[in-house]
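>>> need a 3D model of the sequence below.
(chains A and B)
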Amino acid sequence: MAAPALKILAWAVPLGLALLIAPHVVGPFQTLTLLYGLIFGIAVLGFNLLLGYTGLLSFGHSAYFGAGAYTVALMVKYFKIASMELFLAGSVLMSAVIAIVFGFVCVRYTRIFFGILTLALSQVLWSLAFKFFWVTGGTDGLRIPTPSLLGMSPGTDKMEFLAFRYYYYVLAVFVLCAIVMWVIVHSPFGKALQAIRDNETRAEFVGIRIRRYRLIAFVISGVFAGLAGALWAPLNGLATPDVLVWTFSGEIVFMAVLGGFHNFIGPIVGAVAFTYLKTYAVGLTVYWQLALGTVLVVLVLALPKGIMGLAEIVAARLRRPR
Amino acid sequence: MDMDAKAESRGPNGAIFVATIAVLGALLQAFAVSRIVKYLGMNGVILALPLVALGGYGPAIQSLLDTLPMNALRRQPMLLARPDARMADGGAPDAVLFLLLPVGAIAAAAVGAVLEPTLLRPFYKRPEEYQLLVTFGLLMIIEDCLHLIWGPNPLSAGKVYQLAGSVTIGTFRYPAYNLAVIAIGILSAVALWAFIYRTRFGVILRATSQDRRMAEALGIDVRRVYMMAFALGCFVAGLGGAIVVPGQSAVLGMGVDALILAFVVVVIGGLGSLEGAFAGALIVGFVREAGVALFPEVELAVLYLIAAIVLLVRPAGLFGRGER
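As a prediction, the model looks like this:
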């Protein structure tokens, strides 16, 4: 247990330091892109508890992310709340409730049926957000002003706020989430999930209550996505049905695969890499979908274990004595 | 999707509306349904084939095949719309316009015949996550290719629609083109059924889907069967797209709409069943048309809820073969 922890620290510390000084080194644009990446990282971390550790491919994680974002937007609209902590609490609560309801239905199935069910249910939320425009603003979405952090007002310079204070706030939440997820997947509960993934029948014989474990994993996964949605909302400034639609779920899956879902940090790497990829592809060409689609197809064909899989191969090559 | 359908059902006002809604509704449903019958085409064929054949991977591939790529291919109508629009502008002979309708279908079939062996086949033996992903990637690529070739603006082939004129049924007029679409829908469903259950290739197809290895042992070129079936599915899907276009127009993203509806159709009807796809299409058509008139806010939500409920009660769908 100690050795892997040390190994993790060996790269986690420099990486953490790099993230800490990033806003002071790179410009605000880069910081914000990184910020988006970190936020998606939280969502994909949650998503990967299902795909990587429990073996369930959810094609409906936009539902929880969107639920988080819309919870924030509706709290602003109806209760005039401006506190980020309340936003986070509300979003966690809301996404947990939705994940419990949806999960209760979905975890009865596995494989493609699970995927279709999660997709169908997430589309229910999307269509509600899309159609009830007097509540949700329809396709125009809802505006979200800059929130107060830990009771401190955001100030007037929005860029400065987002690139520094909000960045560190998100970074703190991100680190916390990563630690929590690390503890979860290395706990007996996490091991049980992996046992379910590897062999459902054996896991059942060992005495693991499969459906309950899957449901708990589903809810944790949804809450992570909801939390990410809540963090995303003030950064984006606008919650639109785009974060609820199934293609966004597809992007979450894309991120996990890009980074490599057989790996703990793969999803984080994938989320940040995808954010950069998409930002630059969108900036470079209107045909960014073509570019991203090609990347995805090539990735799945040639590099099914993603960036981290590639890194492992490279590392193994380097380590091997010549 | 149902832009014209909506316009149609909103057109008549007051008492006339109430009086005619039933008849009109029925026609519009048939119209919508007949469009969805194309998805059925895809589903029917595709699902008849690799799905059960691949045993464990079946459902995955099937749903993939008849959702993502099919949808991607469904937007092949763009292929059609363009020449149509051009012709219409240039004042081409009217008959030519109608002859152009199958072009989209053939183009879609050609794309399918290329995609299946090159990009989809390598994934049949890998976990379904990858299949889903590669088709998701294909969806993005094809969508943007259409954007690249035909630009971002909707393309109209409305001239075909106008040329067909309208017919008077009782007291109200109804576009003849819609009637033709209904007829084509029914015809294509029957033709598809006949093809699968009454031809030699249909027998081979079903044999392959039942037991791929046995079919192979009997000397059937299974890979060719897959390719043909996929191309045929794409053909029917493309035909669907081509037929829809004159009534509305070819827009980017129309395939995604169709995809989601097709998804629901397959889930409701049951994976691997032609009858199921037809029943699913009917249900979706009815609910959509009723929804647009009665509960527009939750029309889509109701569709997905129906799909979710069906999956819960009968995981294999109404006509599914009972496998999970």
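
>>> which positions in the stretch 101-250 of chain B make contact with chain A?
Within the stretch 101-250 of chain B, the positions adjacent to chain A are B:119, B:122-123, B:126, B:128-130, B:132-134, B:136-141, B:143-145, B:147-148, B:152 by Cβ under 8 Å from any Cβ of the partner chain. For the C-beta atoms, the positions are set from N, CA and C on the backbone; glycine is no exception.

>>> need the contact partners of the helix or strand encompassing residue B:310.
Per DSSP states H and E: residue B:310 is located in helix B:299-313. Residues from elsewhere that reach helix B:299-313, judged by Cβ atoms under 8 Å, 6 or more residues apart in numbering or on different chains: A:105, A:108-109, A:113, A:116-117, A:120-121, A:123-124, A:127-128, A:130-131, B:261, B:263-264, B:267-268, B:283-284, B:287-288, B:291-292, B:295, B:317-318.

>>> list the buried ones in it?
Buried residues in helix B:299-313, counted by 16 or more other Cβ atoms under 10 Å in any protein chain shown: B:299, B:300, B:301, B:302, B:303, B:304, B:305, B:306, B:307, B:308, B:310, B:311.

>>> just the closest of those residues to chain A, please.
Closest approach to chain A among these (Cβ to the nearest Cβ): residue B:300, at 3.5 Å.

>>> report pLDDT for that closest one.
On pLDDT, residue B:300 comes in at 75.

>>> and for the one 3 residues further on?
pLDDT recorded at residue B:303 is 80.

>>> and stretch A:261-277, how far out from the chain's middle?
Distance of stretch A:261-277 from its chain centroid, counting by Cα atoms, centre = their mean, to the nearest Å, is 10 Å.

>>> alpha carbons of that stretch, as CSV, please.
Extracted in CSV, the C-alpha atoms of stretch A:261-277 (Å, rounded to 0.1, in the frame of the first residue of the first chain):
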residue,chain,number,x,y,z
PHE,A,261,-10.4,4.3,-18.4
HIS,A,262,-8.3,1.4,-17.1
ASN,A,263,-6.4,3.9,-15.1
PHE,A,264,-7.2,6.1,-12.1
ILE,A,265,-5.9,9.3,-13.5
GLY,A,266,-6.7,8.5,-17.1
PRO,A,267,-10.0,10.2,-16.9
ILE,A,268,-8.5,13.4,-15.6
VAL,A,269,-5.8,13.4,-18.3
GLY,A,270,-8.5,12.7,-20.8
ALA,A,271,-10.7,15.5,-19.6
VAL,A,272,-8.0,18.1,-19.8
ALA,A,273,-6.7,16.8,-23.1
PHE,A,274,-10.2,16.8,-24.6
THR,A,275,-10.8,20.3,-23.4
TYR,A,276,-7.7,21.5,-25.1
LEU,A,277,-8.3,19.5,-28.2
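
>>> for it, list every residue counted as buried.
A:261-275, A:277.

>>> quick revisit: now the buried members of the contacts of helix B:299-313.
Among these, those buried by neighbour count (16+ other Cβ under 10 Å) are A:105, A:108-109, A:113, A:116-117, A:120-121, A:123-124, A:127-128, A:130-131, B:261, B:263-264, B:267-268, B:283-284, B:287-288, B:291-292, B:317-318.

>>> now the closest residue in space to residue B:116 that isn't next to it in sequence: which helix or strand?
Of all residues beyond its chain neighbours, the one nearest residue B:116 is residue B:230 (4.0 Å), with distances taken as Cβ to Cβ, 6 or more residues apart in numbering or on different chains. Using DSSP H and E, residue B:230 maps to helix B:222-247.

>>> now do the buried residues in stretch B:114-123.
For stretch B:114-123, a neighbour-count test (16+ other Cβ under 10 Å) marks B:115, B:116, B:119, B:120, B:123 as buried.

>>> likewise stretch B:142-157?
With burial defined by 16+ other Cβ under 10 Å, the residues of stretch B:142-157 counted as buried are B:142, B:143, B:144, B:145, B:146, B:147, B:150, B:154, B:155, B:156, B:157.

>>> looking at these, which is nearest chain A?
Among the buried residues of stretch B:142-157, residue B:144 lies closest to chain A (Cβ to the nearest Cβ), at 3.5 Å.

>>> can you give me phi and psi for the nearest residue to that closest one once chain neighbours are set aside?
Excluding the flanking residues, the one nearest residue B:144 by Cβ to Cβ, 6+ apart is residue A:290, at 3.5 Å. Main-chain torsions, residue A:290, degrees, to the nearest 10: phi -60, psi -50.

>>> which residues does residue B:280 contact?
Residue B:280 makes contacts with B:40, B:264, B:265, B:266, B:267, B:268, B:269, B:270, B:317, B:318, as judged by Cβ under 8 Å, 6+ apart.

>>> ok, now with 6 Å
Each residue near residue B:280 by Cβ atoms under 6 Å, 6 or more residues apart in numbering or on different chains is listed here: B:265, B:268, B:269.

>>> let me see the contact set for residue A:70.
Applying Cβ under 6 Å, 6+ apart, one finds that residue A:70 lies in contact with residue A:239.
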